[in-house]
Structures are given as structure tokens and as C-alpha cells.
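Trainee: Everything below, folded, please.
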Amino acid sequence: MEKDQEFVEYVVKALVDNPSAVSCERTVDEMGVLITLKVDPSDLGQVIGRQGQTAKSIRTLLRVVGAKHHARVNLKIYEPEGMRPARPRRDDSTATTNTAAATTTDDVDVSAVDLKF
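Mentor: Reported below is the predicted structural model:
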């Protein structure tokens, strides 16, 4: 097992509740090294973190480990189908504008306004 793969497994196993379900697959191609990480679906949120900050941090550290060994290393976190809820699509027919509510300064009769200072 390579150092970069060992590093990912070590860090992720320390983060998750079910470390026995953590597995990594390492592939090398012309673009560099790709490490695919698989964890228990219940631990996926802990690995990704809020707004992806934990995953981003792991990727940053992994790039440092890769740079030490003169390799370009990327991390892919495997996400099973159906895990992410579908985003609601914005339909153009529901995006109507209310032109009646929009007023401009030309519509206001300034002479009828009582200004008190």
C-alpha cells in the first residue's frame, strides 16, 4: 500500500464512527494518482464536513503528501446513487415577474405628499 493511500485511510478512520467500513482504491494514469474513498453511508457527512470543508482539508493534505513523492494526487469520495436528494429545478414558467407591484418615481404624485421636517 502506498503512502498516500495509507494517509487517507488513517485520517478518515480517525474521523468516522464505523472505521471498518473505510476502504480506498488507488489508480494511476497519465493525469496522476486517483484515490477513491468509500465509507459507510452514515459516515459520509462526517467525511465531507460542513460545506465540504473536511473533504477540502483532506484533499489539501493529500496534495502535500503527493508533492513530497513527486505525484499529483486527487481524492474522490464515492457517493452511492440516491444518497443526495434531488435539487428542485427552477422551471421558467414559475419565474414570473409581478410588473403591477413595480413602481417608479414617475408614478408618484409629489404635489400630494405632505413633507414635514
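
Trainee: hey, what's the closest residue to residue 78 other than its chain neighbours bridged with?
Mentor: Among residues not flanking residue 78 along the chain, residue 38 sits closest, at 4.5 Å (CB to CB, 6 or more residues apart in numbering). Placement of C-beta: from N, CA and C, glycine included. Here residue 38 sits in beta bridges with residue 23, as judged by DSSP bridges.

Trainee: burial of residue 38, as a residue count?
Mentor: Look at residue 38: counted by other CB atoms under 10 Å, it has 17 neighbours.

Trainee: Repeat that for the one 10 residues further on.
Mentor: Other residues within reach of residue 48, judged by other CB under 10 Å, total 17.

Trainee: Contact partners for it?
Mentor: Residue 48 sits next to 54-55, 77 when contact means CB atoms under 8 Å, 6 or more residues apart in numbering.

Trainee: would you list the residues you listed in TSV and tack on distance to residue 8?
Mentor: Listed next are the contacts of residue 48 as TSV, based on distance: CB to CB, whole Å:
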residue	distance to residue 8
54	13
55	11
77	10
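
Trainee: Nearest the geometric middle of the chain, what residue?
Mentor: The structure's the chain has its C-alpha centroid closest to residue 52; by CA atoms, centre = their mean the separation is 4.4 Å.

Trainee: follow-up on the earlier one: closest to residue 6 out of the contacts of residue 48?
Mentor: Nearest to residue 6 among these: residue 77, at 17.3 Å, using CB to CB.

Trainee: Residues in a beta bridge with the closest one, which ones?
Mentor: Under DSSP bridges, the beta-bridge partners of residue 77 are residue 37.

Trainee: what about it, distance to residue 23?
Mentor: For residue 77, the distance to residue 23 (CB to CB, to the nearest Å) stands at 12 Å.

Trainee: Look at these two and report which has more neighbours.
Mentor: Higher neighbour count among residue 77 and residue 23: residue 77, with 17 against 12, using other CB under 10 Å.

Trainee: can you count the residues close to residue 64?
Mentor: If you count neighbours by other CB under 10 Å, residue 64 ends up with 10.

Trainee: change the start of the numbering to 44 and stick with it
Mentor: Fine by me, first position is 44 from now on; the one you just mentioned is residue 107.
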